[in-house]
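Student: Quick one, what's the 3D model for this:
(one chain, ligands or ions: 1)
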Amino acid sequence: MNIRDNHSILLPAATIAGTRHGAPNRDAGNAIHNASTGEVIGWQEHADAGQVDAAVRAARAALDAWRNRTPASRGAVLRKIAELLAADRARLSAMQQQVSGKPPFEADTDVSDAIATFEYYADLCADGSLFAADTLALPDHTVTGERHYEAVGVAALIVPWNFPMVTTSWKIAPALAAGCTVVLKPSEFTSPVEHRLAEIMAAAGVPDGVVNLVNGGGEVGARLAAHPLIDKISFTGSTAVGRMVMQTAAQDMKRVTLELGGKSALIVRADADIEHAVALAVGGAFTNAGQMCSATSRIIVHDDVYRKFMAAFEAAVRALVVASPQTENVAMGPLVSRAQRTRVEALLAQGVADGAKIAFSGTLDSACAEGFFMAPVVIAEPDTANVVWTEEVFGPVACVKSFRTDDEAIALANATRYGLVATVVTRDDEAARRYRDALRVGLVWINTPQLIFPQVCWGGLGLSGVGRELGVAGLRSYQELRHTIVSRG
Ligand code: NAD
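Tutor: Residues are numbered from 1 along each chain as shown. Got it, this is the predicted structure:
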C-alpha cells in the first residue's frame with residue numbers, strides 16, 4: 001500500500017471520488033492480521049454513515065459521463081487495468097499471501113483470474129455488438145421494434161474474504177463495461193488487496209467517482225445496500241446475509257445478483273481413474289483451506305472402488321503440507337481468521353458429537369502454532385442429517401459416502417437446498433451426460449479440476465443464489481433491457 005507507517009498497513013475509511021477519508025486509529029477492532037502468523041500487520045478505519053452516503057453520491061455524480069462514453073472507450077480503460085494488474089502481479093500475490101495466508105500458487109492464480117476477467121470484458125467492449133441496439137422482426141409490418149441495453153445505474157458491490165480481488169473483479173469489470181458506477185465494500189478481513197486494486201484502477205484512468213470504496217463490516221454493508229440512490233446490489237457471501245440483502249433490496253426494487261453458499265458433491269463412478277479422482281477430491285475439498293463456495297465437500301464414491309479410493313485419499317491428505325506461504329511445497333494455508341477457525345472447529349465438534357466418525361486427518365507442524373491453521377479432516381459415512389453433511393462448513397472438512405447405483409448417487413448429490421457446482425469422475429461419456437442433465441447445479445465439471453473462465457457464467461440454483469456472474473449474462477446483469485416500437489407510417 002502507499003499508506004504505511006513503520007511498515008504497517010493503514011487503510012482509510014473510504015476512498016470517494018479519488019480522495020481518501022478517515023485515518024485509522026489502533027483499536028483492536030480495526031486490526032488487520034497476517035493469517036499465517038496471527039500478527040497485526042495494520043489497521044483500517046470503518047466508514048461512517050456520512051461516508052457511505054458521500055460514496056454513493058459520488059458514484060451518482062459520475063454516472064452520466066461514464067455511461068455516455070462509448071463501449072470502446074470504457075473497454076480501453078478495462079484493458080489498461082488488466083495491464084497494470086499484470087505489472088503489479090508480484091506485489092498483489094504477496095499481499096494475498098500475507099493477509100490470507102494463501103500458498104503462492106493459489107495467490108498467483110487469483111491475480112491471473114482478475115487479469116483474465118478485465119481482459120474478457122475489455123474484449124466485449126471493443127467488439128461492441130452486445131451494447132448496440134438491434135432490430136426485432138415483428139409480425140406487424142406497420143411497425144418496427146428495437147431492443148436496447150443501458151447501464152442499470154449505481155451498483156453496490158459487497159464481497160467476502162475468501163477470494164478478494166477475484167470476486168471483486170467479477171463484479172467491477174462487467175459493471176464498468178456496462179457503464180455503471182460503483183461503490184465497493186470489501187470484506188473487513190482482506191481489505192488491503194482491494195484497496196490496492198482500487199489504486200490500480202485509478203492509475204489506469206478510471207475517472208474519479210466511477211469506483212468508490214467504503215471499508216467496514218456488516219453494518220457498513222447493510223447501510224450501503226439500503227441507500228436509496230443504489231440501483232443494483234451485487235452481493236457475494238453467505239446465504240444468511242444474502243437473504244437480508246434481498247429483503248433490503250425489495251424496498252426500492254433494486255436489482256440483485258446473489259452469489260451465496262454451497263454444499264457441492266464430487267461423484268466417483270466405479271469406472272473412474274482413482275488417482276485422478278483423488279487429485280480432484282483433494283483440490284475440491286482443500287484448496288483455499290476449504291474456504292470455497294464451490295468446495296466439493298460431499299464426496300460420493302461407488303462401493304466397488306470405495307476402499308481403493310479411501311486408501312489413496314488418506315495417503316494424499318496425510319502428505320499435504322499445511323503451512324505458511326513461505327514453506328517449500330506448501331499445499332494448504334491457514335483459515336482467514338481465528339473466528340473462522342473457531343466456527344469450523346465448532347461445526348466439526350457438533351458433527352462428531354452427533355455421531356460422525358473421523359476417518360483420517362492431515363497434520364500440522366509446530367511452525368503453524370501461531371497462525372489460524374487447521375489440519376484437513378475426512379469423515380466417513382456420516383448420517384445424511386449430520387451437520388457436516390448438510391451445512392456449509394467453509395473449512396478443511398470433507399465427508400465421503402458410498403453408493404451402488406447412479407440413481408442413488410444423483411439423489412444423494414441433489415438432496416440439498418444448495419445447487420452451485422458438482423464434479424463427476426467417470427470414463428463413460430454416456431454416464432457423464434446423464435449426470436450433467438440430472439445434477440441440479442449451475443456448473444458441472446466432468447473429469448476436470450475446478451476450472452473457471454470469464455467466458456463461463458458462475459452462479460447456482462436454490463439457496464446458492466440468484467442470477468449469474470461472468471460471461472455475457474454477467475454483463476447483462478448490469479444492464480436494463482428496454483424496447484421501442486416505432487410506426488413506419
Ligand atoms: P458474509 O455473508 O458474512 O459476508 C459477506 C460480505 O457481506 C462481507 O463484506 C460482509 O462484511 C458483508 N455483510 C455482512 N453482513 C451484512 C449485511 N447485513 N448487509 C450487507 N452486507 C453485509 O460471508 P463471508 O463470511 O465473508 O464469506 C463466506 C461466504 O461467502 C460463504 O457462505 C461462501 O459460500 C460465500 N461465497 C460465495 C461465493 C459464490 O460465488 N457463490 C463466492 C465466495 C464466497
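
Student: Residue 443 contacts residue 458, correct?
Tutor: Yes - using Cβ atoms under 8 Å, residue 443 is in contact with residue 458, at 7.0 Å. Every residue, glycine included, has its C-beta placed from N, CA and C.

Student: Comparing these two, which shows the higher neighbour count?
Tutor: Neighbour count, other Cβ atoms under 10 Å: between residue 443 and residue 458, residue 458 has more, with 25 against 20.

Student: Look up how far residue 464 lies from the more buried one.
Tutor: Distance from residue 458 to residue 464, counting by Cβ to Cβ, to the nearest Å: 10 Å.

Student: Give me the common contacts of those two.
Tutor: Counting by Cβ atoms under 8 Å, 6 or more residues apart in numbering, the common neighbours of residue 458 and residue 464 are 259, 442.

Student: most remote residue from the chain's center?
Tutor: residue 489 (51.5 Å; Cα atoms, centre = their mean).

Student: center of the chain, which residue is that?
Tutor: Note: the chain centre (Cα atoms, centre = their mean) maps to residue 167, 4.1 Å.

Student: Now name the helix or strand holding it.
Tutor: According to DSSP states H and E, residue 167 maps onto helix 166-178.

Student: Check residue 349 too.
Tutor: Per DSSP H and E: helix 338-353 holds residue 349.

Student: Can you name every helix or strand that that helix contacts?
Tutor: Under the contact criterion of 3 or more Cβ pairs under 8 Å, 6 or more residues apart in numbering; DSSP states H and E, helix 338-353 touches helix 387-390, strand 397-403.

Student: Show me which residues of that helix are buried.
Tutor: By neighbour count on 16 or more other Cβ atoms under 10 Å, the buried set for helix 338-353 is 340-341, 344, 347-348, 351-352.

Student: Mind telling me the two of those farthest from one another?
Tutor: 340 and 352 (18.8 Å; Cβ to Cβ).

Student: about what we covered before: and the helix or strand that the helix holding residue 167 is followed by with helix 166-178, angle?
Tutor: Using DSSP H and E, the next helix or strand after helix 166-178 towards the C-terminus is strand 181-185. Angle, strand 181-185 to helix 166-178, by axes from the mean of the first three to the mean of the last three Cα atoms, to 10 degrees: 170 degrees.

Student: What is the helix or strand following strand 181-185 packed up against?
Tutor: Using DSSP H and E, the helix or strand that follows strand 181-185 in sequence is helix 191-203. Where contact means 3+ Cβ pairs under 8 Å, 6+ apart, helix 191-203 is packed against strand 8-11, helix 71-87, helix 89-100, helix 166-178, strand 211-214.

Student: swap the cut-off to 7 Å and go again
Tutor: On a contact count with 3 or more Cβ pairs under 7 Å, 6 or more residues apart in numbering; DSSP states H and E, helix 191-203 meets strand 8-11, helix 71-87, helix 89-100, strand 211-214.

Student: Contacts for the second one next, please.
Tutor: When contacts are taken as Cβ atoms under 7 Å, 6 or more residues apart in numbering, the neighbours of helix 71-87 outside the stretch itself are 92, 111, 114-115, 118-119, 121-122, 125-126, 128, 131, 173, 176-177, 179, 200-201, 203-206.

Student: Could you identify the buried members of those?
Tutor: Buried among these (16+ other Cβ under 10 Å): 92, 111, 114-115, 118-119, 121-122, 125, 131, 173, 176-177, 179, 200-201, 204, 206.

Student: ok, now which ones touch residue 186?
Tutor: With contact set as Cβ under 7 Å, 6+ apart, residue 186 has these partners: 159, 164, 168, 194.

Student: Let me know the distance separating it from the ligand.
Tutor: Relative to the ligand, residue 186 is positioned 6 Å away (Cβ to the nearest ligand atom, to the nearest Å).

Student: Tell me if the lengthiest helix in the chain is near the ligand.
Tutor: Longest among the helix segments of the chain by residue count, using DSSP state H, is helix 104-127. No - if you take Cβ under 6 Å from any ligand atom as the test, helix 104-127 misses the ligand, and the best it gets is 12.0 Å.

Student: Show me what the following helix or strand past that helix is in contact with.
Tutor: Going down the chain from helix 104-127, the next helix or strand is strand 134-136, by DSSP H and E. Outside strand 134-136, the residues that touch it by Cβ under 7 Å, 6+ apart are 144-147.

Student: Pull up the pairing partners for strand 134-136, direction included.
Tutor: Applying DSSP bridges, strand 134-136 is found paired with strand 143-151 (antiparallel).
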